[in-house]
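1. What would the 3D arrangement of this be:
(chains A, B, C and D)
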There are 2 protein chains.
Amino acid sequence: MARIKKNSTNNINKEKIMATCTETYAMDMIGARWKLAVFYHLKTGPLRFSVLKEKIGDVSDRMLTLHLREMEEDGLLIRNVYPEVPVRVEYTLTSSAMELQPVWDFLRAWGRRHQNIMNGVEPAPLDMTIAYKQPLAS
Amino acid sequence: MARIKKNSTNNINKEKIMATCTETYAMDMIGARWKLAVFYHLKTGPLRFSVLKEKIGDVSDRMLTLHLREMEEDGLLIRNVYPEVPVRVEYTLTSSAMELQPVWDFLRAWGRRHQNIMNGVEPAPLDMTIAYKQPLAS
DNA sequence: TGAGGAACTAACAATAGTGTAAGTATGGCA
DNA sequence: TGCCATACTTACACTATTGTTAGTTCCTCA
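-> Alright, predicted model coming up:
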């Protein structure tokens, strides 16, 4: 997000894990403060910067910009600039980003259930799972 | 991980999001540097501290301890102390933590595919999805 | 000429997460 | 008595992420 010291132990560890662990690579690009909110609000269609900011609520200009830039670099969304006056900029999720939806669905179900467990309620087993449409190559 | 300033904007934002967004609550407890590695190595059965540390490789005593403590507090694993000499401590994933497996599977598949897209290769559509075993009660 | 709105950007400040090095407790065994 | 091993803990340093404030640019319209 800010400058990263390439040869810090911190960064070396991170790179090493990401190079061998695709789950971590994926987690890394979706796990920042406001990214989930961006996914959530964009999944029903493109929004312009100001609308997105208002919908999210507590985010500052700078934070939203930073996250949007990263998501753009990571191929999770597309930025379209319409040279009107004042300028209009719209953000759209890529189809690859849209495919993450099952993760959010699953995590919501799991999270709700886990909260119950932590509150001493033992809920019914999780009624969701990952299904393979076809056998997975590789 | 370290002390947290309860009334910092940072923490207030985080708490606010977690209170309304179960996905974020879930992401928060699985998204730290070494936690995924812990899940990975423990999913086939309990391991003692030293073995876990060796399997993970680059993690320090302190970091591993911190992550294990958090995961224990979060109900993701159980710590068993056997008062032998020297002491033996074993860590076991809870059944709730085990249920996260589909997330890792999905993220691995999605991540691999997304890496291809980023490299200019347009792969076949994702062949995994979330399936509901039964209608979800909410 | 100057105000106005959208979408930023720069400079700075603070918090949170991660890493290093050295030390502790326990009891067995030489 | 002193050393061993395991599983930590403490104190400190560094890096990364998040937040604040005050601009900036572009063109239009009054």
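2. only C-alpha atoms for contact and neighbour calcs from this point on.
-> Fine.
3. Neighbours of A:Gly31, how many?
-> 16 (other CA atoms under 10 Å in any protein chain shown).
4. correction: A:Met118
-> 12.
5. thought it was touching B:Gly75?
-> Yes - shown here, A:Met118 and B:Gly75 form a contact pair, counting by CA atoms under 8 Å, at 6.9 Å.
6. mean confidence for the helix or strand harbouring A:Arg62?
-> Using DSSP states H and E, A:Arg62 falls within helix A:61-73. What helix A:61-73 shows for mean pLDDT is 97.
7. Would you mind listing the buried residues in the helix or strand following it?
-> Sequence-wise, the next helix or strand downstream of helix A:61-73 (DSSP H and E) is strand A:77-82. Within strand A:77-82, the residues that count as buried by 16 or more other CA atoms under 10 Å in any protein chain shown are A:Leu77, A:Ile78, A:Arg79.
8. Next up, the contacts around the most centrally placed residue in chain A.
-> In chain A, the C-alpha nearest the mean C-alpha coordinate belongs to A:Ile30, at 3.2 Å (CA atoms, centre = their mean). Contact analysis of A:Ile30 by CA atoms under 8 Å, 6 or more residues apart in numbering or on different chains lists A:Leu36.
9. contacting residues around the helix holding A:Arg62?
-> A:Met1, A:Met29, A:Ala32, A:Trp34, A:Lys35, A:Lys53, A:Leu77, A:Ile78, A:Arg79.
10. redo that, cut-off 7 Å
-> Helix A:61-73 is contacted from outside by A:Trp34, A:Lys35, A:Leu77, A:Ile78, using CA atoms under 7 Å, 6 or more residues apart in numbering or on different chains.
11. Present those residues as JSON lines; the columns should include distance to DNA strand C and pLDDT.
-> Below are these laid out as JSON lines (distance: CA to the nearest atom of the strand, whole Å; pLDDT from 0 to 100):
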{"residue": "A:Trp34", "distance to DNA strand C": "14", "pLDDT": "97"}
{"residue": "A:Lys35", "distance to DNA strand C": "15", "pLDDT": "98"}
{"residue": "A:Leu77", "distance to DNA strand C": "12", "pLDDT": "97"}
{"residue": "A:Ile78", "distance to DNA strand C": "11", "pLDDT": "97"}
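12. ok, back up a step: would the helix holding A:Arg62 count as contacting DNA strand D?
-> Yes - applying CA under 7 Å from any atom of the strand, one finds helix A:61-73 in contact with DNA strand D at A:Asp61, A:Arg62, A:Met63.
13. quick check, nearest of these to chain B?
-> Of all the residues of helix A:61-73 next to DNA strand D, chain B sits closest to A:Met63, with 11.5 Å by CA to the nearest CA.
14. Which parts of the helix holding A:Arg62 count as buried, going by neighbours?
-> Here helix A:61-73 shows A:Leu64, A:His67, A:Leu68, A:Arg69, A:Met71, A:Glu72 as buried, counting by 16+ other CA under 10 Å.
15. Near chain B, which residues of chain A are found?
-> A:22-23, A:25-26, A:31, A:75, A:96, A:102-104, A:107-108, A:111-112, A:114, A:118, A:127-134, A:136 (CA under 7 Å from any CA of the partner chain).
16. Of the residues you listed, which belong to helices?
-> The helices, defined by DSSP state H, take in A:22-23, A:25-26, A:96, A:102-104, A:107-108, A:111-112, A:114, A:118 from these.
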